[in-house]
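K.L.:
no FASTA, just this:
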């Protein structure tokens, strides 16, 4: 487990020079002796710090990183394959919510991060509001409070809606949590006619996943 840093004050993600330069998911690809095929992680990824390993024997390939500026967690995953014409390495860096990394911290640290998320709903920066909504939806889902998670889809701020909706879309597309997401189908359906095309499209994507779940459950 990482060190206890409950007394540390972190800035919102929208003001973070590191996380501002990273997407929700970043990937890389390198092939030995084929440099023209290389696609590296953004330089900002190199500033993230090792926080904790999932398994001690595999710490290099899969672990949790944390931003030293805003305190956000990331899951790092390295895979490699050996081929005759050159080995291939791939990395994936995924931004996590506090709930997704909760087992790596104590309760006081978790609650401090959730307070930061609640405050972030009204932050001036759209990125902060989106991430705050994602964190709160994740929090309520882990507590099996799906109706509360769904409330962020009806929020008057489109950025909050996007943060909540896009998080649910990723879970649904990955095949995770579809039963829970299906329980707020009516709330998602209401977004199909939203004036923002990103929200409308996101809702349709989630509904397609719900339909698949309902057909094959």
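P.N.:
That came in fine, so what should we check first? Since the structure is predicted, the reported quantities are computational estimates derived from the model, not experimental observations. Numbering: from 1, shown residues only.
K.L.:
which SS state does the nearest residue to residue 77 once chain neighbours are set aside fall under?
P.N.:
In space, residue 77 comes closest to residue 92 once its chain neighbours are excluded; the distance is 4.6 Å by C-beta to C-beta, 6 or more residues apart in numbering. Quick note: C-beta positions are derived from backbone N, CA and C, even for glycine. Under DSSP: H, G, I helix; E, B strand; the rest coil, residue 92 falls in the strand class.
K.L.:
what pLDDT does residue 92 get?
P.N.:
At residue 92 the predicted local distance difference test score is 95.
K.L.:
and if you look at residue 53?
P.N.:
Looking at residue 53, its pLDDT reads 85.
K.L.:
now it: how far from residue 106?
P.N.:
Per C-beta to C-beta, to the nearest Å, residue 53 is found 17 Å from residue 106.
K.L.:
can you check residue 50 too?
P.N.:
Computed with C-beta to C-beta, the distance linking residue 50 and residue 106 is 18 Å.
K.L.:
again, but for residue 192
P.N.:
The gap separating residue 192 from residue 106 is 41 Å, by C-beta to C-beta.
K.L.:
buried residues in whatever helix or strand residue 187 lives in?
P.N.:
Mapping residue 187 onto the secondary structure by DSSP states H and E places it in helix 185-189. Of the residues in helix 185-189, those scored as buried under the neighbour-count criterion (16 or more other C-beta atoms under 10 Å) are 185, 187, 188.
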